[in-house]
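Q: sequence? don't have it. structure:
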């Protein structure tokens, strides 16, 4: 029997007592040989922080989950990816999540298909000991989101 | 046959979408077999405990409200069961209040109810939760806005791309017609559980059935 997929609904604002867990942002151990730290903010179309987003990352054998703080910030410790980190963002006001990718290296065939100003939204920037990757949901500098 | 069962990003009746919906077209990503979106998301660092499926037994006493059983199967589009899928649920208490710091609804908290549970599906793809029926609650989306009673569901398939977060509603709720979140999808009927006398346990709890369909593996 075939069926139509169940529609998505927003995660809403009140998942904080349910979905986050203490180890969620620490997707690999501190002493993992390829450990990197990924930090950033989630911003809305007015440039305001999104304080009630939930981010999930996935890589082979790795899963992480982190809610944003009141300033819209998140953090993950994960492994340097062979290609990219798959990232999913849920939030109040997102009736379905947005899919994006975090690349550390801009030299990639998928990135090559994107126009220059938008391509940069998928490339994390190396800062002082961590990679910064902001997610802009809408408007100027809007992150590239994927249809998967 | 509805081609896309999901809501749009921008749905102005739900005011929070206005500044959060992406305005650019999504970029089609061809998922080759190596695509990271196709890996099985591992959540083995969190073990599901025996009582995690029973939201009424997480505290010293019994929560107030109407005890219910909510069960169903997680299937893919081809009707195949999704086995060992992690299902997480969260909800308001019987008075319509979430156990969350930012919920300002002046309804009582219930010290015996947190409103979070999880379980793994069995060989038939079946999940089962014991909980209490959540109350409706007000929100500030528009004047006199109330959400129909609902339970939030988070489901993992066997590929990250199957990830689903949604909400289950209860049959016959008069608030359906006034809810822009439920009303954002082409066919809201698939979000409504069915009361089921066979699931109902005598002298104990009303039963509801609700199946969840994930997109097929890519």
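A: All right, it came through fine. Source: prediction; values computed, not measured. Numbers count the residues shown, from 1 in each chain, chains lettered A, B, ... in the order given.
Q: how close does the residue nearest to the spatial centre of chain B sit to residue B:165?
A: Chain B has residue B:153 as the residue nearest its centroid, 2.3 Å off, counting by CA atoms, centre = their mean. Separation of residue B:153 from residue B:165 (CB to CB, to the nearest Å): 7 Å. Where C-beta positions appear, they are placed from N, C-alpha and C, glycine not excepted.
Q: tell me the SS of the residue in chain B positioned nearest to chain A?
A: Chain B approaches chain A most closely through residue B:16 (3.1 Å), counting by CB to the nearest CB. Assigned by DSSP: H, G, I helix; E, B strand; the rest coil, the conformation of residue B:16 is helix.
Q: that one contacts residue A:92, doesn't it?
A: Yes: the pair residue B:16 and residue A:92 passes the contact test of CB atoms under 8 Å, sitting 5.3 Å apart.
Q: now do the shared contacts for the two.
A: Residues touching both residue B:16 and residue A:92 (CB atoms under 8 Å, 6 or more residues apart in numbering or on different chains): residue A:10.
Q: grab the longest strand from chain B for me.
A: strand B:67-76 (DSSP state E).
Q: next structured bit after that one?
A: strand B:86-91 (DSSP states H and E).
Q: buried residues in that following strand?
A: In terms of neighbour count (16 or more other CB atoms under 10 Å in any protein chain shown), strand B:86-91 has its buried residues at B:86, B:87, B:88, B:89, B:90, B:91.
Q: what's near enough to touch the residue lying closest to the second one once chain neighbours are set aside?
A: Which is residue B:87. Leaving aside its sequence neighbours, residue B:87 sits nearest to residue B:127 (CB to CB, 6 or more residues apart in numbering or on different chains; 4.5 Å). Going by CB under 8 Å, 6+ apart, residue B:127 touches B:53, B:71, B:72, B:73, B:74, B:85, B:87, B:119, B:120, B:121.
Q: got any ranges where chain B has weak pLDDT?
A: Flagging of chain B using pLDDT under 70 yields the residue ranges B:1-2, B:44-46.
Q: quick one: the helices in it, in order.
A: With helices called from DSSP state H, chain B shows none.
Q: strands of that one, start to end?
A: Under DSSP E, chain B gives strands at B:27-28, B:67-76, B:86-91, B:116-120, B:126-132, B:137-139, B:145-147, B:150-155, B:164-169, B:194-195, B:206-209, B:212-214.
Q: what lines up beside the first one in the sheet?
A: Going back to what we said before, that points to strand B:27-28. Here strand B:27-28 has these sheet partners by DSSP bridges: strand A:146-147 (parallel).
Q: run through who's touching the partner strand.
A: In contact with strand A:146-147 (CB under 8 Å, 6+ apart) are residues A:99, A:100, A:101, B:26, B:27, B:28, B:29.
Q: weed out the non-buried ones from these.
A: The buried subset of the contacts of strand A:146-147 - by 16+ other CB under 10 Å - is A:99, A:100, A:101, B:27, B:29.
Q: what's across from the first one in the sheet?
A: Read that as residue A:99. Counting by DSSP bridges, the residues bridging with residue A:99 are residue A:88, residue A:146.
Q: near residue A:127, how many other residues are there?
A: 10 (other CB atoms under 10 Å in any protein chain shown).
Q: surely residue A:121 forms part of a helix?
A: Yes: applying three-state DSSP, one finds residue A:121 inside a helix.
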